[in-house]
Each structure stands twice: as structure tokens, then as C-alpha cells.
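S.K.: got a predicted model here, sequence first, then my questions.
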Amino acid sequence: MIPTSEQFDLVVIGGGPGGYSAALYGASAGLRVAMVEMDALGGTCLNRGCIPAKAFLETAAVYRHVAGAADFGIESSSPTVNFARTQERKQGIVKGLVGGIAAMCKARKVDVLNGTGSLGAGKAVTVAMADGSTTELAASNVLLASGSVPRLIPNFERGGPILTSDEVLDLDTVPERVVVIGGGAIGCEFASTFSDLGAQVTILEGLPKILPGCDDDVAGVVVRSFKKRKIDIRTGVMVNGHTPNDSGGTTVQFGEGESIETDVVVVSVGRRPFADELGLDGTGVVVDDRGFVQVDEFCRTGEEGVYAVGDLIDTPQLAHVGYAEAILVVKQVLGESPMPVMYDKVPWAIYCHPEVAFAGPSEQQAKERGFDVVTAKHPFKFNSRAQIVGDSEGLCKIIAERSSDGSAGRILGVHMVGPWVTEQLSGGYLAVNWEATVPEVAEFIQPHPSLTELFGETVLTLTGRNFNG
């Protein structure tokens with residue numbers, strides 16, 4: 001039990017990416033830190049989000065590789081899916097990573113409390129412990145990092161065949177028919193996974209296109225790939241309700257009197273901030289009408305010494321954004337003068353097949369912001385490494401600011417779709433984040449043969465000269 005007289009430099013409420021990063025980073029700088037987590041360390045990302053979903057996607061990738069082994073001269077029988085084993089493997093990965101966070105906290109002397117933390121006046125944190133007891137923590141600084149939960153939609157309450165991104169990760173069999181409501185990043189990842197593993201998949205999206213935040217050229221590649229794999233994409237449609245059947249499935253009603261029978265419905269329409277248990281009475285912390293804790297560019301709330309990060313605030317709901325915000329907060333606690341996070345330039349990664357990765361504005365977004373732009377794009381189909389690995393679908397597109405002489409100047413955006421692009425974006429992100437110019441980046445030497453050559457060749461094209469026309 002922590003003595004009630006003990007004063008912490010930083011108390012963190014929430015043990016997800018933003019929370020545990022702040023705790024570990026702060027402890028490494030010599031701060032006395034306590035962290036409160038009501039569930040499992042790692043939060044949504046590790047337990048019910050990024051990591052489990054990508055483990056499923058990797059199973060789908062292995063299935064594709066085995067099914068196409070004959071193309072590489074490897075003869076094997078047709079693969080079958082044991083999704084219960086997939087579930088076991090996923091759980092093992094999660095358990096190991098959760099244990100790793102706990103071990104790092106112990107090594108850095110971070111006090112971890114299993115309970116629900118709430119904030120009151122004077123930066124007093126009350127913890128309703130999982131064992132029924134209550135503990136009070138005194139803090140010089142408090143970080144709110146309680147994360148988010150799946151958004152729900154009317155007439156689709158979770159239960160039975162209706163799953164959110166939480167419940168779908170607990171499946172141990174592959175449904176024969178899957179309807180995914182929502183064609184954003186998470187929805188497309190689930191659609192890709194279950195389609196590759198043999199399910200008949202339909203995406204229902206209310207907006208005019210799937211992956212609405214992506215450049216049109218990039219999203220178009222994903223659409224064509226999904227359609228080739230017989231994923232049925234319905235855009236511009238609203239779902240109205242569903243009627244369960246005797247076999248455990250349901251019939252989803254959507255659009256103008258249309259319907260579709262399915263075994264499972266995955267509701268993937270985003271996440272809402274989870275400020276429900278934070279208390280905040282007697283504080284200057286403000287929660288807006290959408291549930292977000294209001295902060296300034298330095299993640300400071302309206303209460304002196306109280307900060308908020310991650311999905312709890314209205315910034316990109318990405319784990320690595322939470323990491324960056326955590327560092328920003330800790331540096332302020334240490335009395336340093338950090339730069340705010342540049343949210344318009346953060347890297348994005350979507351792990352469906354084909355993968356999507358980008359940093360900076362799309363072509364349309366750049367034009368809407370008033371930039372005169374010049375663009376270049378090259379397909380993976382002529383890339384030697386892509387042909388070697390047998391995955392040459394996709395492209396690299398670069399958006400640059402047009403200089404006064406008409407040449408390509410500062411690189412504004414780098415957008416990629418294709419094999420392993422989530423592992424290739426770092427060079428493009430560096431160029432965007434450091435406001436590098438086309439002539440500067442064109443000097444970079446890319447290894448050969450490599451997938452990253454496509455980025456280099458696309459930049460080179462913007463200089464007016466290139467290798468491949």
C-alpha cells in the first residue's frame with residue numbers, strides 16, 4: 001500500500017500508450033511516478049486494438065503466402081484455417097507485451113495501481129481499487145490518459161451477432177459471412193482479414209468512399225484490390241437496423257429498402273473518448289459536448305498542472321500520437337520547453353492488404369489549403385523487390401509545393417499503398433516533418449533491390465529527370 005503522505009511528481013490515470021509512455025519516460029528522467037489502470041496495462045491498443053488486430057492480419061498474410069506457394073516453386077496442400085490457434089497466438093503476444101510493460105514499470109520504480117482513478121480539487125487522485133479498497137494519491141502533476149471505447153450506433157447494440165472492434169477480436173472461428181459497418185481504417189482491416197481467410201465480406205459505408213482520409217489515388221488502389229477479392233463495397237448508404245434469425249445470424253437493413261443476411265456484423269464506426277469515470281468535480285478540466293477533454297497545443301487542461309493525452313483529447317487517435325503527447329507533457333513537467341506536436345504531419349498506417357501509409361496532406365487537401373502543387377506517382381509493378389516477393393500492387397505518390405520557377409520544392413505529403421509500406425514511410429515522414437525539398441531528398445541513395453527505391457524514384461521524377469519514364 002502506498003503511504004497517503006507520499007507526494008508524486010506525476011500521477012497518470014490510464015495505462016494505455018499515452019499513459020504508460022509518460023510513466024516510463026518520466027521515470028527515466030528521475031520523476032516519482034504512479035500510474036492507475038482499471039483493466040490491463042497497454043490499454044485498448046495492446047489488449048483490444050492495434051496489436052490483436054495486426055496479429056489477425058498476419059495470420060491472413062500467412063494464409064495468402066501458403067495458398068500462393070506454388071508460384072514460388074513450393075508445392076504444398078491447400079491451407080486450412082484453425083482460427084482457435086490464431087486466437088491462442090494472439091493472446092500469447094498480448095500477454096507477453098503486457099508483462100513487458102509491467103516489468104519495465106517495476107524496473108523504473110513506477111507504482112502501478114489496479115483500479116479506477118478519478119481527479120478532484122487540488123490535483124487529488126482517488127483510486128477505487130479492484131479489491132474494493134480506496135487509495136488517495138497526492139500529485140504535483142496529473143496526466144489524464146483514460147483512452148476511448150467503441151462508438152455504437154442506434155439499433156445495433158452489442159450482443160449476439162453484433163460485435164464491436166472489442167468483441168470481434170475474441171472470435172475463435174471465421175464466420176462464413178461478415179458485414180462491416182464503417183469503411184475507415186479499422187473497418188478495412190477487419191474486412192481484409194476475414195476476406196483473406198475465406199469469409200464473404202460486405203462493407204457498408206455512409207460516406208461516398210472508403211478510407212475517406214486517404215488520397216484518392218491511394219484509396220482507389222485499395223478499392224480495386226478489395227473488389228478483385230470479391231469484397232462487396234457499398235458506399236453512400238446508411239444502415240437502418242437488423243433482424244436476428246434463428247440460426248444466430250441476422251439480416252441488416254440499409255439504404256433504400258436493401259438488406260443482406262450475415263452471420264456477424266462488425267460495427268466499426270470509430271471510438272469515443274472515455275472520460276466517464278474521471279470525476280473532475282472541483283477542477284478546471286473541461287469536457288466538451290463530444291466527450292473530449294479540452295486542452296491547448298501543449299496538452300494542458302484548464303487546471304494548472306493537469307494534462308490530457310491520447311484518445312481522450314481531440315487529436316488523431318493513433319498510439320504513436322499518444323507517445324508523442326506523453327513526451328511533450330513530461331518535458332513540461334521537467335521544466336523544459338518542448339515544441340507542440342504537429343498533428344498535420346503525423347504518420348498514418350493502415351494494415352489491410354494492400355497496406356496504406358502516409359504523412360502530410362493528400363493532393364486535394366493540399367490544394368484546399370491554398371498550395372500550388374506538383375505531384376508524381378509510380379507503381380510498384382515495375383519495382384524489382386516487389387516482383388521478387390510476389391506483391392506488386394500499389395504505388396507511391398508525392399505532393400510537393402510548386403516553386404516560383406515552376407519546379408518542385410518543399411515536400412508536403414507522401415502517400416503509399418502496397419507491400420509493407422507501413423515499414424517504408426519513415427523516410428517520407430522525415431521529409432514531410434523536416435520540410436525537406438525535392439532536390440534535397442533526391443540526393444538520398446536507396447538500397448537495391450528494395451521496395452524503398454520506389455520512394456526515391458518518385459522524388460527523382462519531381463526533379464524533371466528519372467530512370468523509368
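M.R.: Structure received. Numbers count the residues shown, from 1 in each chain.
S.K.: is it true that Gln91 lies in a helix?
M.R.: Yes - counting by DSSP: H, G, I helix; E, B strand; the rest coil, Gln91 falls inside a helix.
S.K.: can you count the residues close to it?
M.R.: Number of residues near Gln91 (other CB atoms under 10 Å) recorded here: 14. For glycine as for every other residue, the C-beta is placed from the backbone atoms N, C-alpha and C.
S.K.: can you pull the contacts of it?
M.R.: By CB atoms under 8 Å, 6 or more residues apart in numbering, no residues touch Gln91.
S.K.: any regions of the stretch 251-400 of the chain where pLDDT drops low?
M.R.: The model of the stretch 251-400 of the chain has no residue with pLDDT under 70.
S.K.: tell me the centre residue of the protein?
M.R.: Central residue of the chain (CA atoms, centre = their mean): Leu318, 4.4 Å from the mean position.
S.K.: give me phi/psi at that residue?
M.R.: Main-chain dihedrals, Leu318, degrees, to the nearest 10: phi -130, psi 140.
S.K.: could you verify my assumption that it touches Val346?
M.R.: Yes - with contacts counted by CB atoms under 8 Å, Leu318 reaches Val346, the gap being 6.6 Å.
S.K.: and the nearest residue to Thr461 once chain neighbours are set aside, what are its bridge partners?
M.R.: Nearest residue to Thr461 in three dimensions, chain neighbours excluded: Ala376, at 4.2 Å (CB to CB, 6 or more residues apart in numbering). On the basis of DSSP bridges, Ala376 is bridged to Ile398.
S.K.: quick one: Ala376 and Gly464 touch, right?
M.R.: No - when contacts are counted by CB under 8 Å, Ala376 is not listed as touching Gly464 (10.2 Å).
S.K.: about what we covered before: so who does the residue nearest to the centre of the chain touch?
M.R.: By CB under 8 Å, 6+ apart, Leu318 lies in contact with 346, 348.
S.K.: list the residues that contact the residue nearest to Thr461.
M.R.: 397-398, 408, 458-459, 461-462.
S.K.: need those residues in CSV with distance to Ala53, neighbour count and secondary structure, can you?
M.R.: Compiled in CSV, the contacts of Ala376 are given as follows (distance: CB to CB, whole Å; neighbours: other CB atoms under 10 Å; DSSP: H, G, I helix; E, B strand; the rest coil):
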residue, distance to Ala53, neighbour count, secondary structure
Lys397, 26, 22, strand
Ile398, 29, 29, strand
Ala408, 37, 24, strand
Thr458, 29, 24, helix
Val459, 32, 31, helix
Thr461, 35, 21, helix
Leu462, 35, 23, coil
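S.K.: would you turn these into TSV with distance to Ile203?
M.R.: Shown next, in TSV, are the contacts of Ala376 (distance: CB to CB, whole Å):
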residue	distance to Ile203
Lys397	23
Ile398	29
Ala408	36
Thr458	29
Val459	34
Thr461	33
Leu462	34
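S.K.: which member of those residues is positioned nearest Val417?
M.R.: Lys397 (8.5 Å; CB to CB).
S.K.: please list all residues in contact with the residue lying closest to that closest one once chain neighbours are set aside.
M.R.: Excluding its sequence neighbours, the residue lying closest to Lys397 (CB to CB, 6+ apart) is Lys377, at 3.9 Å. Contacts for Lys377 (CB under 8 Å, 6+ apart) come out as 217, 395-398, 458.
S.K.: neighbours of Val12, how many?
M.R.: Val12 is flanked by 36 other residues according to other CB under 10 Å.
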